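Would you be able to build a 3D model of this:
(one chain, ligands or ions: 1)
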Amino acid sequence: MTEIRVTPLGAGQDVGRSCILLSIGGKNVMLDCGMHMGYNDERRFPDFTYITKEGRLTQHLDCVIISHFHLDHCGALPYMSEMVGFDGPIYMTHPTKAICPILLEDYRKITVERKGETNFFTSEMIKTCMKKVIAVNLHQTMQVDDEMEIKAYYAGHVLGAAMFHIKVGQQSVVYTGDYNMTPDRHLGAAWIDKCRPDLLITESTYATTIRDSKRCRERDFLKKVHNCVEKGGKVLIPVFALGRAQELCILLETYWDRMNLKVPVYFSLGLTEKANHYYKLFITWTSQKIKKTFVQRNMFEFKHIKPFDRAYIDNPGPMVVFATPGMLHAGLSLQIFRRWAPNDKNMVIMPGYCVAGTVGHKILNGIRKLEMENKQMLDVKLAVEYMSFSAHADAKGIMQLISQCEPSNVLLVHGEAVKMEFLKTKIKQEFSIDCFMPANGETAVMETKHNIPVDISLSLLKREASKVGLLPPDAKRPRVLHGALVMKGSKLQLIDPADALKDFGLAEHQLRFTSTLSFDEEGPTTGTADKIYQLVKSQLKDFPTHYSSDGSITISDSVLVQVSGDEESKSVLVSWSYEDEDVGSYLLQLLKSELVT
Ligand SMILES: [Zn+2]
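Residues are numbered from 1 along each chain as shown. Okay, the predicted model is just below:
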């Protein structure tokens, strides 16, 4: 098989619900299994009937790989494995394996217990699902089966996020998941080695953005928060449980300390507490700076930032609150937002991307009248600010990753179509490689080159070197080297033909081509032979020609012409060796035009 096929079931020309089917070397892999935050109906999960209409998925999928714990990358996992049915291996990193079930359980609680939805996975299903998970370390090659191996690389983005290199035989694919090419306050930058995959599947959330410097963004953020609380306003910062929350807490804590501010800062309990616990547990996955600081004091125990209690929502006076979830689609952040939205003194700062359908996405698009549950209308008067702190690669970062791993093809997922088009053009121009952007349910097919490694014998190389002098090989001037290709066991070797004959005890055979021309001509055969001899002497002057007494003509020792026949019709047999193909075929054409008329 020389084809690689990719079909997104989610995140094809879209952000959210990442789920990409990959066929490589006869193996089928599912990359991520996410849910869509913008939907509450069946569209929130990928449509697995695409894989099979009935029965379990186990026999159709060799493995599942989860890039990181964000729900838009793993939120459909228990549904897929326990309700649709998959018993094969699921791969993820150790931190992802630890944090993923907590987020899944939280998501289940919100959906089932608060919203009262049925037909959803249970706590028990999350547990059984997690038993199928095999945890991987960074840079550790894992053998999925005899033919397929996978290797994880650091992706930044959130704790435990990884890119995966998937290899089957000579073919390979890199899937990035979400990644960040610049280090932040708590995580390092993504990195991959020059693995030259046939295909790089990359996210493209910020495909058209080249973000301003980080420092400017941070200063802007602090100024906005400070201005608002100075005027007595309340600032709400909706965050994902893990990731930006820690980054922004560290930033605000340092600023509050420096400016000696007394305005209370809170973070919502529960998830954030748990999150900090995991950061401590997986400290080796965080940035160098945090690792160092951590030795002196606990970076995640804050002096100014205190746990939030629901009773504080209506407290008078200014305050800053970090609350989950990040897109204002449910939970505490939405509850606070509803209370603070009607007051124009207040402010909400969205620090990351919001998917279509969420309250976050609506207010960022300028909608100031929201219809909430029970047809209640909400007037949004507070200031809405957007500061991109979310840890995705921007256009520059994506281009950087392409130069780092040098793929033969690129495929874009997890982005909006218009932005993808822009990036696609840029990639084609800069790297002269193919770029694909299939929509959900659409299949992108790419041909791959097959490289077959061959060992070369030393004597053959030496012989070649003696021909050109002892010049070192030059990649820009490839030379053709002739030899005999021999298969020993499963290995191919290129050796000196003479050695090959000796090894196998064979005599050398010669390949000869023959052709016969028949035509009518009166007179003896010697007359025709004479005519041919004169023709050869005049047309092939540079070649030694021999005319023997039996009437046969030899040219260049290997091209032979023999005339036979009677008084009326003649046959001319021309034969030549493989090496003299040029002379032989030229002579044949010459005789055809001169004799057969
Ligand atoms: Zn993510």
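
Every contact and neighbour count from this point should use C-alpha atoms.
Will do.

Okay, now the unreliable bits of this structure?
Counting by pLDDT under 70, the chain contains low-confidence residues at 1, 114, 207, 209-214, 241-244, 269-273, 288-301, 390, 468-473, 597.

hmm, try it at 50
Nowhere does the chain drop to pLDDT under 50.

Show me the residue sitting in the middle of this protein in space.
residue 201 (2.5 Å; CA atoms, centre = their mean).

Hmm, that one is touching residue 408, no?
No - contact criterion CA atoms under 8 Å: residue 201 and residue 408 do not qualify, at 11.2 Å.

The closest residue to residue 282 other than its chain neighbours: neighbouring residues, count only.
Sequence neighbours aside, residue 95 is the residue nearest to residue 282 in space, at 6.6 Å (criterion: CA to CA, 6 or more residues apart in numbering). Number of residues near residue 95 (other CA atoms under 10 Å) recorded here: 22.

Just read off the phi/psi values of residue 95.
phi -60, psi -40 (degrees, to the nearest 10).

one step back: and the residue nearest to the centre of the chain, which of the three is it?
Three-state call for residue 201 (DSSP: H, G, I helix; E, B strand; the rest coil): strand.

can you start the count at 49 instead of 1 from here on
Yep, numbering from 49; the last one is residue 249 now.

what sits against it?
By CA atoms under 8 Å, 6 or more residues apart in numbering, the contact set of residue 249 is 221, 222, 223, 224, 458, 459, 460, 461.

Am I right that the second one sits in a strand?
Yes - the assignment for residue 222 (three-state DSSP) places it in a strand.

how near is it to residue 554?
47 Å (CA to CA, to the nearest Å).

Which one of the two is surrounded by more residues?
residue 222 (26 against 10).

Surely the more buried one and residue 244 touch.
No - the pair residue 222 / residue 244 is not scored as a contact, 9.1 Å apart, by CA under 8 Å.

what touches both of these two?
Common neighbours of residue 222 and residue 244 (CA under 8 Å, 6+ apart) do not exist.

mind listing what's buried in stretch 503-523?
Neighbour counts over stretch 503-523 (16 or more other CA atoms under 10 Å) mark 504, 508, 509, 512 as buried.

part of a strand, is the last one?
Translated: residue 512. No - using three-state DSSP, the assignment for residue 512 is helix, not a strand.

Find the nearest non-adjacent residue to residue 616, please.
Spatial nearest neighbour of residue 616, excluding adjacent residues (CA to CA, 6+ apart): residue 570 at 4.6 Å.

ok, that neighbour to residue 441 distance?
87 Å.

And these two? Which one has more around it.
Using other CA under 10 Å, the more surrounded residue of residue 570 and residue 441 is residue 441, with 30 against 12.

contacting residues around that one?
226, 227, 228, 229, 230, 252, 253, 254.

do residue 402 as well
Contacts of residue 402 by CA under 8 Å, 6+ apart are 374, 375, 408, 409.

Surely it is in a strand?
No - read with three-state DSSP, residue 402 is coil and lies in no strand.

Which parts of the stretch 399-548 of the chain are strands?
417-419, 425-427, 431-434, 457-461, 482-484, 492-495, 503-504, 532-536, 539-543 (DSSP state E, counting those that start in this stretch).

packing partners for the third one?
Applying 3 or more CA pairs under 8 Å, 6 or more residues apart in numbering; DSSP states H and E, we find strand 431-434 packed against strand 395-398, helix 407-412.

wait, the residue nearest to residue 330 sits on residue 186?
No - the criterion here is CA under 8 Å, and residue 143 misses it with residue 186 at 11.2 Å.

Got the phi and psi for residue 308?
phi 50, psi 50.

and residue 195, which of the helices and strands packed on strand 431-434 is closest to it?
Comparison of those against residue 195 by CA to CA identifies helix 407-412 as nearest, at 43.8 Å.

For the closest one, give me every contacting residue.
Contacts for helix 407-412 (CA under 8 Å, 6+ apart): 375, 376, 377, 398, 402, 403, 404, 432, 433, 434.

hang on, residue 400 packs against residue 437?
Yes - using CA under 8 Å, residue 400 is in contact with residue 437, at 5.8 Å.

from the contacts of residue 441, which is closest to residue 100?
Once CA to CA is applied, the member of the contacts of residue 441 that ends up nearest residue 100 is residue 226, at 27.8 Å.

what number of residues lie near that closest one?
For residue 226, using other CA under 10 Å, the count is 25.

And it, how close does it get to residue 421?
From residue 226 to residue 421 the distance is 32 Å (CA to CA).

same thing with residue 561?
Using CA to CA, residue 561 is found at 87 Å from residue 421.

on that earlier part again, and which of the contacts of residue 249 is nearest to residue 532?
For the contacts of residue 249, the nearest to residue 532 is residue 221 (33.4 Å; CA to CA).

On the strand side of things, show who the closest one bridges to.
residue 214, residue 247 (DSSP bridges).

Can you give me the neighbour number for it?
That count, for residue 221 with other CA under 10 Å as the rule, works out to 25.

these two touch, right, it and residue 245?
Yes - with contact defined as CA under 8 Å, residue 221 counts as touching residue 245 (5.2 Å).

just to revisit the earlier point, now intersect the contacts of residue 441 with the helices, please.
Members of the contacts of residue 441 lying in helices (criterion: DSSP state H): none.

now those as TSV including distance to residue 642?
Formatted as TSV, the contacts of residue 441 follow (distance: CA to CA, whole Å):
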residue	distance to residue 642
226	74
227	74
228	76
229	74
230	77
252	69
253	73
254	73
